[in-house]
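J.: Give me a model of this one.
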Amino acid sequence: MLTKDNTGLIVVDIQGKLARLVHDSAALIANCEKLIKGAQALELPIITLEQNPTKLGATVDELSTLLNPNKPITKFTFNGCEQAEFVDAVKRAVSSMDKDKQINTWLVCGIEAHICVYQTAMGLVDLGYKVEIVTDCISSRTLANKQLAVNKLVNNGVDITGLEMCLYELVKGCNEPEFKQILGLIR
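T.: Got it, this is the predicted structure:
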């Protein structure tokens, strides 16, 4: 089960024109905005990746304003785990938590599902982390490629979840202090 004490969020490459070209881009960006706000309300560590931003552009404004001051990590490999800075950030997020928190699970959202999301998720699995893909917070230029990624990830031991499912799983109940914030995001 996801808990506030064992979970973090990785935002993969929701940037530039490509973010506007993927399948159902408006819903993707809106859902990722809710996911990020939910993660912030729950005080989860958040790490942002950008693929070659000088060529592809920066994280879209709707998300970058939320993620500030979290400086995105620039990568040139599709698998974020092949960038030492990203692996160091993951390790810092795990070790910087107080002694009651042990981050061993990463929620992953972003684009493109069949390339950077897939490869980064598999890289995290190879590093020994549990990974859950937030399926309504990922996309590719085609729906078929998104589905291909989800199928291959599931076949390789990655769990899937959805925006509502993961946020309610993390908040646990209506008596939790973050519940009203989470409810406000979902409604």
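J.: drop to CA atoms for contacts and neighbour counts, all remaining ones
T.: Noted.
J.: At which residues are the helices of this protein located?
T.: Remark: helices assigned in the chain by DSSP state H are 18-21, 25-41, 53-56, 61-67, 84-95, 118-126, 143-155, 163-171, 179-186.
J.: Turn the ones you listed into CSV, including mean pLDDT, distance to Leu2 and mean neighbour count.
T.: What follows is these, written out as CSV (pLDDT from 0 to 100; distance: least, C-alpha to C-alpha, whole Å; neighbours: other C-alpha atoms under 10 Å):
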stretch, mean pLDDT, distance to Leu2, mean neighbour count
helix 18-21, 96, 28, 18
helix 25-41, 97, 12, 20
helix 53-56, 95, 31, 13
helix 61-67, 93, 22, 15
helix 84-95, 89, 15, 15
helix 118-126, 98, 16, 20
helix 143-155, 97, 17, 16
helix 163-171, 96, 6, 19
helix 179-186, 92, 15, 16
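J.: could you dump those helices to TSV with distance to Thr74?
T.: As requested, the helices of the chain are exported to TSV (distance: least, C-alpha to C-alpha, whole Å):
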stretch	distance to Thr74
helix 18-21	16
helix 25-41	19
helix 53-56	7
helix 61-67	14
helix 84-95	9
helix 118-126	13
helix 143-155	23
helix 163-171	26
helix 179-186	29
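J.: Mind checking these for the one nearest to Phe76?
T.: helix 53-56 (9.1 Å; C-alpha to C-alpha).
J.: Residues contacting the closest one, please?
T.: 15-18, 74 (C-alpha atoms under 8 Å, 6 or more residues apart in numbering).
J.: which of the residues you listed count as buried?
T.: 15-16, 18, 74 (16 or more other C-alpha atoms under 10 Å).
J.: Many thanks, have a good one.
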